[in-house]
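Q: With the sequence up front, the predicted model follows.
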Amino acid sequence: MNPGEKWGIRIGEQLQIKRSDGRVHAAVVSGFNESNESVTVEWFENQETKGKELDLRHVAALNPSVAMAIKRSSGVAASSSKASSSGNSGGSGIKPAAAASHVRRKTKAGVHSKLPKKQAGIVSDSSSGYNTPTPGPTSQSSTPSENRSVGKDKVASKIQDIANKREARRANQEAKLKQREAAKANRGDNPNWEFGEMIRKYCENQVVQKGIPADASASDRKISVCVRKRPMNNRELERCDVDVTTIPDGEHTLIHECKNKVDLTKYLEHHKFRFDHSFDETVDNAQVYKYTAAPLVKTIFDKGMATCFAYGQTGSGKTHTMGGDFVDGTGTSDARAGIYAMAAEDVFRYNNDPSFASKNLSVSVSFFEIYGGKVFDLLNNQKRLRVLEDGKQNVNVVGLTEKTVATMSDVLRVVAQGLQLRASGSTSANQHSSRSHAVFQIILRTDKKKLHGKLSLIDLAGNERGADTSNADRQTRMEGAEINKSLLALKECIRALSMKSKHTPYRASKLTQVLRDSFVGNNARSCMIAMISPGLASCEHTLNTLRYADRVKELKAGKTSSSSSISKGNSNKAAAPLLAAPIPDKSGGEDSDLDLDDEDENWLGEPSPLETSLARQDLKKLHKSLIKGKGGRSSPDDAAVFTFHNAVAEVVEAEERVVEEHRAMVDFDREMMSEEERLLKAVDGVDYDVEDYARQLEQIVQKKLEKLSSLKNSVQSFRTQLQREEAASKQVKGESMKF
């Protein structure tokens with residue numbers, strides 16, 4: 001019987017062991033040593049195989065089955081020793097006490113032999129009372145010293161093997177560490193070099209084709225969505241930023257989002273998008289124009305309305321794409337390389353073509369910006385303009401400057417003038433954010449000044465400003481709210497255009513209201529260019545931009561939904577003061593797939609004066625769509641967003657009323673001043689009617705009091721709306737504003 005069977009242990013069996021630091025865990029038996037009653041075990045720890053030789057007593061203390069086997073084995077050995085001692089004492093005269101003492105000494109020495117004495121080569125020496133080994137063939141027996149030597153050699157060999165493996169692993173790890181340190185030293189102080197290396201290795205397994213594919217063609221769809229990636233700028237290169245954007249071909253866009261696990265292990269999450277066209281950093285403005293805005297020029301000569309949007313984070317290249325290359329050190333741009341100028345050049349080329357020259361079309365341009373829900377003329381020193389809608393649902397920007405242009409130099413001069421006046425400011429994402437939507441329009445008119453076609457080129461405000469709605473500063477807060485609402489309204493209007501809906505929610509924002517004619521009609525086309533920054537620091541904004549563009553792209557393939565008409569009772573209600581006059585909604589209804597159940601209407605709160613307006617109906621439609629995109633269930637955050645947007649709309653409405661009333665008051669004061677001067681001149685005469693003087697003066701004072709009282713009430717109402725807006729803004733969370 002081998003020692004393992006005697007001790008109740010088998011090779012490969014798991015035993016509980018106790019480490020020197022007090023830890024108790026399982027280990028696998030790898031060998032035995034009968035000479036010193038020990039067991040060799042191994043275990044796997046920290047990606048290393050470790051081993052240890054344990055005394056049998058320590059193993060028995062933690063493993064009851066081993067302790068029982070040793071106890072049974074010890075009992076059998078004790079019985080055999082007792083019988084042998086009795087025989088020896090009878091034949092040689094040794095006392096039982098001496099024999100017992102001899103057995104104890106042998107047990108303490110650790111010698112337990114179950115073999116018969118002849119087989120073990122042991123004979124009894126009656127003269128000494130000890131069992132001594134007899135000489136025999138070395139092949140059949142061995143001395144205890146030899147057994148002990150063989151056992152020690154095996155243990156030493158195993159320990160040496162474990163040590164060799166451990167040293168090899170350590171050497172391998174040290175080599176990898178040195179390689180990593182050397183690579184890090186080559187990259188300087190780049191904290192993101194590991195992510196960069198992971199992206200590089202990932203792209204090595206991808207087929208990446210730079211530029212525009214040879215078989216690419218301009219989209220002829222009613223709505224097209226494209227993506228443009230700008231190159232890494234000097235600021236990103238100086239801070240060792242990593243390019244996380246890959247455009248493998250002319251359609252797909254990959255974003256490698258860099259993340260860390262709980263144990264700080266770095267890994268990549270890859271996001272893949274597909275659009276009509278994807279332009280990498282090697283594509284210039286001329287090529288972008290060829291596949292985006294160029295196909296729209298022909299539309300306006302066919303009595304159509306075309307719109308091209310540049311959307312994205314501030315600093316992603318929107319103004320560069322639309323307005324042209326920036327001149328170093330001047331802060332101005334060379335408009336000749338922008339889409340504004342390229343589109344105007346094509347318009348002149350088409351207009352001079354014999355097929356269109358007979359129409360005698362004149363070309364004019366306008367340039368204005370929409371900031372905080374208000375419209376400003378960039379060609380007239382940023383004069384504030386009013387947006388009114390007539391009874392035929394035609395939207396007019398009252399007082400907008402429209403300049404006739406005949407040459408490219410005229411266009412370039414207008415573009416430079418507008419870009420210089422455009423508003424900019426600081427945001428949480430960029431220190432020089434475009435705070436307004438810039439709208440450059442190329443208009444074709446007949447010789448009777450009738451509108452023939454219109455091309456609108458829009459440089460949208462930085463989309464990161466939509467998150468600045470909880471800012472303590474009211475101006476920044478309202479800027480963010482208006483940008484957020486206008487972008488959401490823009491998406492819904494494009495959706496309505498794609499699905500040929502009977503109702504387009506263009507009144508929900510000033511941007512979509514002034515562009516109404518670009519979203520209605522069978523001959524309307526739109527193109528969106530999503531501008532993205534390649535750096536790791538802009539990854540979140542880049543993903544938001546692509547997700548927004550992807551939602552717009554998905555809307556193109558949707559089927560036309562069934563629509564339900566708006567009840568006549570609602571359409572005949574008095575319009576809100578946001579409109580110039582009561583305008584019945586003749587558009588036919590709203591999409592039925594955006595309707596929520598009646599029980600879901602409770603989150604909208606109590607009706608307000610704006611409830612009956614068409615603008616509020618469109619605002620409700622936007623938020624219904626937003627909730628539908630979240631699964632159709634509203635939340636307190638959704639209610640807070642709607643309340644805040646409603647409060648901002650009411651502030652803008654009240655501000656317009658107060659400003660107009662104040663201007664009317666100033667004009668009235670001028671009129672009354674002339675009346676008072678005439679009255680005082682009459683008093684200076686020798687003969688005047690005192691009764692008539694008193695009566696006229698009383699009338700003047702009464703009129704002034706009435707005007708002042710009305711203005712006072714309007715101002716008080718305006719201040720109340722400001723307080724409501726501030727209270728509503730505190731309930732809005734930044735994450736709930738994302739769409």
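A: Sure, I can see it. Residues are numbered from 1 along each chain as shown.

Q: How about the contacts made by E725?
A: By C-beta atoms under 8 Å, 6 or more residues apart in numbering, the residues touching E725 are 474, 478, 644, 647-648, 650-651. The C-beta positions use only the backbone N, C-alpha and C, and glycine is treated the same way.

Q: which of those tops the neighbour count?
A: F644 (27 neighbours; other C-beta atoms under 10 Å).

Q: Three-state assignment for that one, please.
A: When the structure is reduced to helix, strand and coil (DSSP: H, G, I helix; E, B strand; the rest coil), F644 reads as helix.

Q: Excluding chain neighbours, give the residue nearest to it in space.
A: Distances taken as C-beta to C-beta, 6 or more residues apart in numbering place A728 nearest to F644, at 4.3 Å, with adjacent residues excluded.

Q: re the thing from before, show me the contacts of E725 that map onto helices.
A: 474, 478, 644, 647-648, 650-651 (DSSP state H).

Q: Select, from those residues, the two members most distant in space.
A: The largest distance within the ones in helices among the contacts of E725, taken as C-beta to C-beta, falls between R474 and E650 and amounts to 14.0 Å.

Q: related to what we said a few turns ago, out of the contacts of E725, who's nearest R663?
A: Out of the contacts of E725, the one with the shortest distance to R663 is V651. That distance is 18.6 Å, counting by C-beta to C-beta.

Q: can you pull the contacts of that closest one?
A: The neighbours of V651, taking C-beta under 8 Å, 6+ apart as the test, are 478, 718, 721-722, 725.

Q: center of the protein - which residue?
A: When the chain is reduced to its mean C-alpha position, the nearest residue by C-alpha atoms, centre = their mean turns out to be E540, at 3.8 Å.

Q: Check the secondary structure at that one for me.
A: Secondary structure of E540, per three-state DSSP, is helix.

Q: Just want to check the distance between it and V208.
A: 24 Å (C-beta to C-beta, to the nearest Å).

Q: how near is V552 to F309?
A: When C-beta to C-beta is applied, the distance between V552 and F309 equals 9 Å.

Q: How about A481?
A: From A481 over to F309 the distance is 20 Å, taken as C-beta to C-beta.

Q: Also V648?
A: 22 Å.

Q: and if you look at T476?
A: In this view, T476 and F309 are 23 Å apart by C-beta to C-beta.

Q: Tell me which of these two has more neighbours.
A: Shown here are T476 and F309; by other C-beta under 10 Å, F309 has more neighbours (27 against 20).

Q: can you list the weak-confidence ranges in the stretch 401-550 of the chain?
A: Within the stretch 401-550 of the chain, the segments meeting pLDDT under 70 span 423-434, 464-472.

Q: what ranges do the helices span in it?
A: Taking DSSP state H, counting those that start in this stretch as the test, the helices found in the stretch 401-550 of the chain are 408-421, 474-499, 510-514, 539-556.

Q: Return the set of buried residues in the first one.
A: It refers to helix 408-421. Of the residues in helix 408-421, those scored as buried under the neighbour-count criterion (16 or more other C-beta atoms under 10 Å) are 410-412, 414-415, 418-419, 421.

Q: who does that helix touch, helix- and strand-wise?
A: For helix 408-421, the elements it packs on are helix 318-323, helix 339-351, strand 362-371, strand 437-445, judged by 3 or more C-beta pairs under 8 Å, 6 or more residues apart in numbering; DSSP states H and E.

Q: which one of these is the most hemmed in?
A: Comparing the helices and strands packed on helix 408-421 on average neighbours per residue, with mean count of other C-beta atoms under 10 Å, the densest one is helix 318-323 at a mean of 25.

Q: Could I get the CA-only coordinates of it as PDB?
A: Coordinates of each C-alpha in helix 318-323 appear next as PDB, following Å, rounded to 0.1, in the frame of the first residue of the first chain:
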ATOM      1  CA  LYS A 318     -19.600  74.000 -39.800                       C
ATOM      2  CA  THR A 319     -18.600  77.600 -40.500                       C
ATOM      3  CA  HIS A 320     -15.500  76.400 -42.400                       C
ATOM      4  CA  THR A 321     -17.700  74.300 -44.700                       C
ATOM      5  CA  MET A 322     -20.400  76.800 -45.200                       C
ATOM      6  CA  GLY A 323     -18.400  80.100 -45.100                       C
END
